[in-house]
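K.L.:
Compute the structure for the input listed below.
(chains A and B)
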There are 2 protein chains.
Amino acid sequence: MQVDVAFTPDEAASARVGIVVDVLRATSTIAQALASGYRRVLCCAEIDEARRLRAETPDSLVGGEREAIRVEGFDVGASPREFLEASAETLILSTTNGTRAILAAAARCDTVLLGSLLNLGVVAAAARETGRDVAIICAGFKGAFALDDAYCAGRIVQQLGGDRSDAAIAADLVARSFPGPLEALNARTYGPPGLEADIVFCAREDVLDTVPRLAGMRGTAAEISL
Amino acid sequence: MQVDVAFTPDEAASARVGIVVDVLRATSTIAQALASGYRRVLCCAEIDEARRLRAETPDSLVGGEREAIRVEGFDVGASPREFLEASAETLILSTTNGTRAILAAAARCDTVLLGSLLNLGVVAAAARETGRDVAIICAGFKGAFALDDAYCAGRIVQQLGGDRSDAAIAADLVARSFPGPLEALNARTYGPPGLEADIVFCAREDVLDTVPRLAGMRGTAAEISL
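P.N.:
Down below sits the predicted model:
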């Protein structure tokens, strides 16, 4: 099994199985929402598209933020702490970096799983069980490297075994450089302030046993379910 | 001073000053050739273009390899050990990853310097003296992350000071993970065999005091001089 990592969605990395990582916060929020009982998450990049999907989807909620501020007219924000209970069947989530990474993975991989620290062990086990080559695709931040995603990628690499690419070796080395996940997430230099409680929430390892998967595209939205 | 790193040329990273790194071997070879007395290096991606430039440039040599094998009809290969003495005024060098990174840097930066382990200290000092934001742009390998370039980027970051991006922090962590440059270069997983002597040559730090700079484009070739 070959194990590769793309630190940004544009980086070359292909494999049969892709694991998309957007620790702060898309993949953490989706894993939490599905664990709480949402049946599916429709993940889309544009706010207008999210509003349209909300209008045409019965029993749905729409969540999303820009610069850590809830989008006007949306039902909820994008914090995983808002999804500890299911309030609808379908969650429509507007994210930019996370959606872009999911679409990049879908273009290159047969199977797309969503990874975070919350579901670290089960997502690594699910990928390992396929017996196929794995690429971990980090969402990053606006096309650039993000330390929180690289840390999580390194933690997944450590659990996968297999033959590592240069990027997989580097992700492992980055992960080993921090005493724990909270230190790694707090070392990041990008993003808006005000996420402290979400960072503590997302820094917990192996608290969920859900493995979100890309079920398919619905227009330009990625439908994620278990 | 902001310090950023792009682990591949496609990654978002912009600054007034760019340092292109292709340790194995373009930037090492160019630094060596200019130190040995070549007046300029014309760096181009395509073999046909290199042949054309050779034909129209008086007192020139053309070098280049594909998969570590010298291109048919070329005067020399692309090993830095072939340029310990100047045999012409102009060296035309056909490289793929290195040229792509130089062009990416030229599109984003006012000043483009070429860095390697050979000229680590002087290139970092030259960048620092500009007082401007610096982006280190790694050539990588076929669009993917390369451990040798990431190590060199981390060593430059360590000498630059300034405010580090997430990628700059990660490059520093990767560099700190190896006892020395030879161990880092030998940890890489990509590329053709047969480069052992070049790897030992390119793993030496601070043996040259040349700072290659992009002087301008000559058609689609990048002209590099001191």
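
K.L.:
CA atoms only: put the strand or helix carrying A:G154 into PDB for me.
P.N.:
Take DSSP states H and E as the rule and A:G154 turns out to sit in helix A:147-160. Listed in PDB are the C-alpha atoms of helix A:147-160, where the atom choice follows Å, rounded to 0.1, in the frame of the first residue of the first chain:
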ATOM      1  CA  LEU A 147      -0.500  23.200  10.100                       C
ATOM      2  CA  ASP A 148      -3.600  21.700  11.600                       C
ATOM      3  CA  ASP A 149      -4.400  19.600   8.500                       C
ATOM      4  CA  ALA A 150      -0.800  18.600   8.100                       C
ATOM      5  CA  TYR A 151      -0.700  17.400  11.800                       C
ATOM      6  CA  CYS A 152      -3.900  15.300  11.300                       C
ATOM      7  CA  ALA A 153      -2.500  13.900   8.000                       C
ATOM      8  CA  GLY A 154       0.600  12.800   9.900                       C
ATOM      9  CA  ARG A 155      -1.400  11.200  12.600                       C
ATOM     10  CA  ILE A 156      -3.300   9.200   9.900                       C
ATOM     11  CA  VAL A 157      -0.100   8.300   8.200                       C
ATOM     12  CA  GLN A 158       1.200   6.900  11.500                       C
ATOM     13  CA  GLN A 159      -1.800   4.600  11.700                       C
ATOM     14  CA  LEU A 160      -1.800   3.500   8.000                       C
END
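
K.L.:
Are the helix or strand following it and chain B in contact anywhere?
P.N.:
Past helix A:147-160, further along toward the C-terminus, the next helix or strand under DSSP H and E is strand A:163-164. Yes - applying Cβ under 8 Å from any Cβ of the partner chain, one finds strand A:163-164 in contact with chain B at A:163-164. Using the backbone N, CA and C atoms, a C-beta is placed for each residue, glycine as well.

K.L.:
Show residues contacting strand A:163-164.
P.N.:
Contact partners of strand A:163-164, identified using Cβ atoms under 8 Å, 6 or more residues apart in numbering or on different chains, comprise A:1-4, A:157, A:172, B:189.

K.L.:
Out of the residues you listed, which sit inside strands?
P.N.:
The strands in this structure, assigned by DSSP state E, contain A:2-4 from those.

K.L.:
Quick check: next helix or strand after the helix or strand bottoming out on mean pLDDT in chain A?
P.N.:
Averaged element by element with mean pLDDT, DSSP states H and E, chain A has its least confident helix or strand at strand A:69-70 (a mean of 83). Beyond strand A:69-70 on the C-terminal side, the first helix or strand identified by DSSP H and E is strand A:90-94.

K.L.:
Let me know the angle separating the helix or strand following that following strand from strand A:90-94.
P.N.:
For strand A:90-94, the following helix or strand on the C-terminal side (DSSP H and E) is helix A:97-108. Note on geometry: by axes from the mean of the first three to the mean of the last three Cα atoms, to 10 degrees, helix A:97-108 and strand A:90-94 are set 100 degrees apart in direction.
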